[in-house]
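# pasting the sequence and the predicted model now:
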Amino acid sequence: MKAGHILALCVISGAAGAQIAGQSPWKAIQYRNVAQGNQSRIQEARTDIITNAQQWQQLYSQMAGDPKPGFTPAPVLADFNRQDLIVVHTGKKFTSGHGVYISMIRQERATEVAVDVVISQPTANSQVQRLTNSPYVVTVVEKQRVPYTFRSTFAYTTTTYPGGNPGHGQCRCTCGGCCCRSNSGFNPGKQNNSAMGGEICPPIQQTRSGGE
């Protein structure tokens with residue numbers, strides 16, 4: 001049996017995001033956060049625009065820690081004939097309570113498309129567990145003719161749980177440090193931007209606290 005990383009599914013209720021009609025002279029951009037987690041093997045903060053399946057497989061293998069590209073087949077998350085993937089990593093963290101999601105993608109000027117990234121982190125008095133993790137989010141978006149520009153804001157959680165989503169929402173995951181959080185913490189008031197898709201789990205089983 002070849003060694004590899006387990007791919008589990010985390011399903012949360014979610015919906016495609018879009019600009020509110022009438023607020024911009026440009027067409028609303030359809031997008032959706034499709035995969036989210038904190039166990040990527042990429043340790044540095046970075047953003048990637050993926051425009052084809054080959055690029056996605058190469059990046060996914062890095063996220064999974066594959067010994068060679070393509071060792072773990074990448075899940076199909078986009079139709080690259082008409083969509084791109086935006087992948088955001090926030091870098092290596094040493095406690096629970098960190099996360100990232102994309103809250104808005106919209107065109108505000110003729111020469112670029114703005115991507116608003118929300119980075120969540122625990123407050124100084126949060127209940128956290130010491131653990132090494134690397135948060136990421138994968139977002140599918142319809143292809144654009146102009147470059148993307150990224151803007152980051154920070155959200156702060158007051159209580160965090162290493163097991164994901166304790167009694168909130170509809171998260172189902174099989175790995176520790178799962179890919180969803182309650183709306184009061186990880187994704188405050190942004191239910192339509194919740195992620196749905198795959199989480200890359202660590203190669204060893206983790207003890208999970210809290211419920212799914």
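Noted; the coordinates are in hand.
# where's Ser61, which helix or strand?
helix 53-64 (DSSP states H and E).
# buried stuff in that helix?
Gln55, Trp56, Gln57, Leu59, Tyr60, Ser61, Met63, Ala64 (16 or more other C-beta atoms under 10 Å). (Glycine included, C-beta is placed from N, CA and C.)
# now Phe154, which residues is it bridged with?
Taking DSSP bridges, one obtains Ile119 as the residues bridged to Phe154.
# show me the shaky parts of the chain.
Flagging of the chain using pLDDT under 70 yields the residue ranges 1-23, 159-212.
# kindly recompute the last result at 50.
Scanning the chain for pLDDT under 50 picks out the ranges 1-16, 18-19, 21, 160, 162-212.
# can you mark which positions in stretch 86-99 are buried?
Using 16+ other C-beta under 10 Å as the burial criterion, the residues of stretch 86-99 that qualify are Ile86, Val87, Val88, His89, Thr90, Gly91, Lys93, Thr95, Ser96, Gly97, His98, Gly99.
# tell me which two of the residues you listed sit farthest apart.
Across the buried residues of stretch 86-99, no pair lies farther apart than Ile86 and Thr95, at 25.9 Å, counting by C-beta to C-beta.
# which helix or which strand is home to the closest residue to Ala110 other than its chain neighbours?
Closest residue in space to Ala110, ignoring its immediate chain neighbours: Val146 at 7.3 Å, by C-beta to C-beta, 6 or more residues apart in numbering. For Val146, there is no helix or strand it lies in under DSSP H and E.
# measure how buried Val146 is and give me the count.
Summarising burial for Val146: neighbours were counted as other C-beta atoms under 10 Å, giving 12.
# that older thread, now, which of the buried residues of stretch 86-99 sits nearest Phe150?
Compare each of those with Phe150 using C-beta to C-beta and the shortest gap goes to Val88, at 7.7 Å.
# are we agreed that that closest one is in a strand?
Yes. Remark: Val88 belongs to a strand, assigned using DSSP: H, G, I helix; E, B strand; the rest coil.
# and the gap between it and Ile50?
Counting by C-beta to C-beta, to the nearest Å, the gap between Val88 and Ile50 amounts to 12 Å.
# could you do Lys68 as well?
Taking C-beta to C-beta as the measure, Lys68 and Ile50 are separated by 19 Å.
# please say which of these two ends up with more neighbours.
Ile50 (23 against 6).
# and that one, what does it touch?
Counting by C-beta atoms under 8 Å, 6 or more residues apart in numbering, Ile50 makes contact with Trp56, Leu59, Ala78, Phe80, Asp84, Leu85, Ile86, Val87.
# need those residues in TSV with distance to Thr139, can you?
Formatted as TSV, the contacts of Ile50 follow (distance: C-beta to C-beta, whole Å):
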residue	distance to Thr139
Trp56	13
Leu59	13
Ala78	10
Phe80	14
Asp84	9
Leu85	7
Ile86	5
Val87	8
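# and which of these is nearest to Gln121?
Taking the contacts of Ile50 together and measuring to Gln121 by C-beta to C-beta, the closest member is Val87, at 19.4 Å.
# for the helix holding Ser61, name the packing helices and strands.
In this structure, helix 53-64 makes packing contacts with strand 45-50, judged by 3 or more C-beta pairs under 8 Å, 6 or more residues apart in numbering; DSSP states H and E.
# alright, I will stop here.
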